[in-house]
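[1] sharing a model that was predicted from the sequence below.
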Amino acid sequence: QQQVKQSPQSLIVQKGGISIINCAYENTAFDYFPWYQQFPGKGPALLIAIRPDVSEKKEGRFTISFNKSAKQFSLHIMDSQPGDSATYFCAGGSNFGNEKLTFGTGTRLTIIP
Amino acid sequence: DTGVSQDPRHKITKRGQNVTFRCDPISEHNRLYWYRQTLGQGPEFLTYFQNEAQLEKSRLLSDRFSAERPKGSFSTLEIQRTEQGDSAMYLCASSLVSQFFGPGTRLTVL
């Protein structure tokens, strides 16, 4: 059973634009929602994470928006740059991230000049 | 480098052979996780430890897989009698709160 659905599968955004990736979860026990960035041949790198007691969290150009009632959350990358071209994964976890993470299937983001 | 390290980075083996991977977590991180990632997919949970105790194992972890963390520091993941379907990237992560991943071990079973 896929517990975290991620869309789109791939995304092309012009430099300077806003990249938006969406995720939906099913498991109501999830209380921790991180986003990871992965470059080819590398391990995932933690970008930003949110807990469901807040609706938005911003770190630099990255913002998570969280809708608890809809069980959805999204990543917004402002002023997208070519260096942001990577695969992005959302995930959900319980016990504030101290247990296993369940990942989405990933979004391949390409930033074009 | 104070991040999570994994060894080896790449392993090519023949079907039926045993392989062992090592993960060194970030020092002071008491939790250590193993995930498997196949091409085009997100990481899938295999197992995790709190200190030396193995707290959860996924149904993906067949009897051919075993993981240990003997002194609550580094961990090993062994795959016995490898099959072609075991070919994947094996990722290790460690945490105090958020999970930080290592670079992974790419396994190819011929």
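    It's in.

[2] near residue A:104, how many other residues are there?
    A count of nearby residues for residue A:104, using other Cβ atoms under 10 Å in any protein chain shown, gives 25. C-beta coordinates here come from the backbone N, C-alpha and C atoms, glycine included.

[3] look up the closest residue to it, ignoring the ones flanking it.
    residue A:6 (3.0 Å; Cβ to Cβ, 6 or more residues apart in numbering or on different chains).

[4] give the contact list for that neighbour.
    A:21, A:22, A:23, A:89, A:90, A:104, A:105, A:106, A:107, B:42 (Cβ atoms under 8 Å, 6 or more residues apart in numbering or on different chains).

[5] quick one, helices of chain B?
    Counting by DSSP state H, one finds no helices in chain B.

[6] number of nearby residues for the closest residue to chain A within chain B?
    Closest to chain A within chain B is residue B:42: 3.1 Å, counting by Cβ to the nearest Cβ. Using other Cβ under 10 Å, residue B:42 has 23 other residues around it.

[7] so it sits against residue A:92, correct?
    No: in this structure, residue B:42 is not within contact of residue A:92 by Cβ atoms under 8 Å, at 11.2 Å.

[8] overlap in contacts of the two?
    residue A:4.

[9] spatially central residue in chain B, please.
    Centroid check for chain B by Cα atoms, centre = their mean gives residue B:34 as the closest residue, at 3.9 Å.

[10] re earlier: wait, a strand at the residue nearest to residue A:104?
    Yes: assessed with DSSP: H, G, I helix; E, B strand; the rest coil, residue A:6 lies in a strand.

[11] how close does it sit to residue A:103?
    Going from residue A:6 to residue A:103 by Cβ to Cβ, to the nearest Å gives 8 Å.

[12] what bridges to the closest residue to chain B within chain A?
    Here chain A gets closest to chain B at one residue, residue A:103, 3.1 Å apart by Cβ to the nearest Cβ. For residue A:103, the beta-bridge partners are residue A:91 (DSSP bridges).

[13] OK, contacts around residue 10?
    Going with chain A. Going by Cβ under 8 Å, 6+ apart, residue A:10 touches A:107, A:108, A:109, A:110.

[14] that answer is for a different chain, and I need it for chain B
    Counted by Cβ under 8 Å, 6+ apart, residue B:10 has contacts B:105, B:106, B:108.

[15] verify the stated contact: the first one with residue B:5.
    When you say that, I think you mean residue B:105. No: applying Cβ under 8 Å as the test, residue B:105 and residue B:5 come out as separate, 10.7 Å apart.

[16] now, of the contacts of residue A:10, which are buried?
    A:107, A:109 (16 or more other Cβ atoms under 10 Å in any protein chain shown).

[17] who has more neighbours out of residue B:105 and residue B:5?
    In this view residue B:105 and residue B:5 are compared by other Cβ under 10 Å, and residue B:105 has more residues nearby, 22 against 16.
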